[in-house]
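Trainee: here is my input; please provide its structure:
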Amino acid sequence: MSITFYGERGLVNSIILDMNSKLSKQKNFLKAIVFEDGQKRNWIDEVTEFHYIVEPSFAQFGDPDLIIIAEEKEKKNYFEEDEAYVSKKYHDRARALKNQNVVDLCKKHFGDNPEFLFIALTNDSATTGGRNKFSDFFDKSFLPAIGEDNWEIDKKQFGLVSCEMLEQYNVINRSKGYFALASEVFLGLPANTGSNTSDRTISTTNMKNWDQYSYDELEKYFNKPHADIKIEKLNGSYSIKGTDGRTLVKLYVENNQIQIAFRNDNVDNKLAEGKERVKVGSGSGCKSFIVVYPNIDHVTDEMENEIINFIKS
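Mentor: This is a model prediction of the structure:
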């Protein structure tokens with residue numbers, strides 16, 4: 001018998017199964033979360049039992065991918081808000097859950113008057129420096145429907161966690177377990193995230209056939225003293241390597257103009273937006289890249305800084 005975990009449901013299932021009822025891993029899942037107020041949750045160490053509800057349907061309340069119920073030694077009293085209170089506080093209508101089976105499920109597992117936390121699970125690259133690389137809820141268009149005034153009051157209830165952060169906390173492992181199966185199918189192998197069979201494969205030409213100006217400009221960049229990166233000169237391109245030996249950036253010439261492509265591993269959205277995805281290599285060794293700087297005349301200081309930042313991330 002073989003099992004294929006696919007889609008968001010398969011990914012969530014794989015994470016739960018890989019925790020394998022180990023209380024320490026389940027606590028580490030919560031500890032990996034970065035909350036918007038920047039504070040740690042000391043109560044996590046006091047949790048004695050976890051319950052998981054996968055993809056429940058809460059009618060007017062929505063359909064979360066997963067609910068984690070972290071139960072402490074004592075349960076609190078059941079939580080209710082009347083319509084007037086909800087309207088005033090959240091600028092929203094009161095919602096109702098009429099399915100009695102789901103209501104009973106909530107009462108059974110939520111206890112009375114639970115504290116609700118809202119967490120987004122992403123596949124973004126996790127950390128650079130102390131906090132995290134992705135910018136939390138900095139864009140007001142991403143704020144929950146609680147109103148900007150309430151955001152400053154209630155933002156402590158919102159957080160983010162990525163698959164990479166869960167790996168760092170030893171909750172999952174991309175190379176083994178159920179998550180390895182799910183991530184290979186759904187998230188793709190490294191540099192395959194976001195790739196498509198319709199993406200064209202770049203065909204680099206020998207440097208001897210390059211436009212002389214473009215060749216001279218890239219040679220000038222190649223021969224600069226680079227303290228933070230390693231550049232390798234090939235027959236038809238320059239490859240900038242990461243510390244692990246992977247090619248992370250390609251510089252080459254097409255149509256007599258310089259192209260700079262970043263390996264498609266969590267390229268910053270602002271750099272990737274509207275840019276062409278291409279394939280580098282052939283067969284099973286083919287990797288997905290994004291032409292972040294297409295059709296340029298020379299490598300500017302700004303581009304060089306972006307390259308360095310990408311390599312370091």
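Trainee: output the below-cut-off pLDDT ranges for the protein.
Mentor: 58-62, 73-103, 105-114, 124-143, 145, 147, 188-190, 192-196, 266, 284 (pLDDT under 70).
Trainee: elements contacting the lengthiest strand in it?
Mentor: Longest strand in the chain, counting residues (DSSP state E): strand 287-296. The contact analysis (3 or more Cβ pairs under 8 Å, 6 or more residues apart in numbering; DSSP states H and E) places strand 287-296 against strand 257-263, helix 269-272, strand 277-280, helix 301-312. C-betas here are computed from N, CA, C, even on glycine.
Trainee: which one of those is the most hemmed in?
Mentor: strand 257-263 (a mean of 22; mean count of other Cβ atoms under 10 Å).
Trainee: partners of that strand in the sheet?
Mentor: strand 247-254 (antiparallel), strand 287-296 (antiparallel) (DSSP bridges).
Trainee: H226: which element?
Mentor: Assigned by DSSP states H and E, H226 belongs to no helix or strand.
Trainee: would you map the helices across the protein?
Mentor: Counting by DSSP state H, the chain has helices at residues 7-19, 23-32, 83-90, 100-110, 148-154, 163-168, 177-182, 212-222, 269-272, 301-312.
Trainee: want to try a markdown table for the ones you listed, with distance to I229 as columns?
Mentor: As requested, those are arranged in a markdown table below (distance: least, Cβ to Cβ, whole Å):
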| stretch | distance to I229 |
| --- | --- |
| helix 7-19 | 33 |
| helix 23-32 | 30 |
| helix 83-90 | 49 |
| helix 100-110 | 51 |
| helix 148-154 | 40 |
| helix 163-168 | 22 |
| helix 177-182 | 31 |
| helix 212-222 | 11 |
| helix 269-272 | 17 |
| helix 301-312 | 5 |
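Trainee: and among the strands paired with strand 257-263, the most buried is which?
Mentor: Note that of these, strand 247-254 is the most buried (mean count of other Cβ under 10 Å), with a mean of 22.
Trainee: what's that one in contact with?
Mentor: Residues outside strand 247-254 that contact it (Cβ atoms under 8 Å, 6 or more residues apart in numbering): 202, 204-205, 207, 210-211, 214-215, 218, 221, 236-242, 258-263, 265, 280, 287, 289, 299, 307, 310-311.
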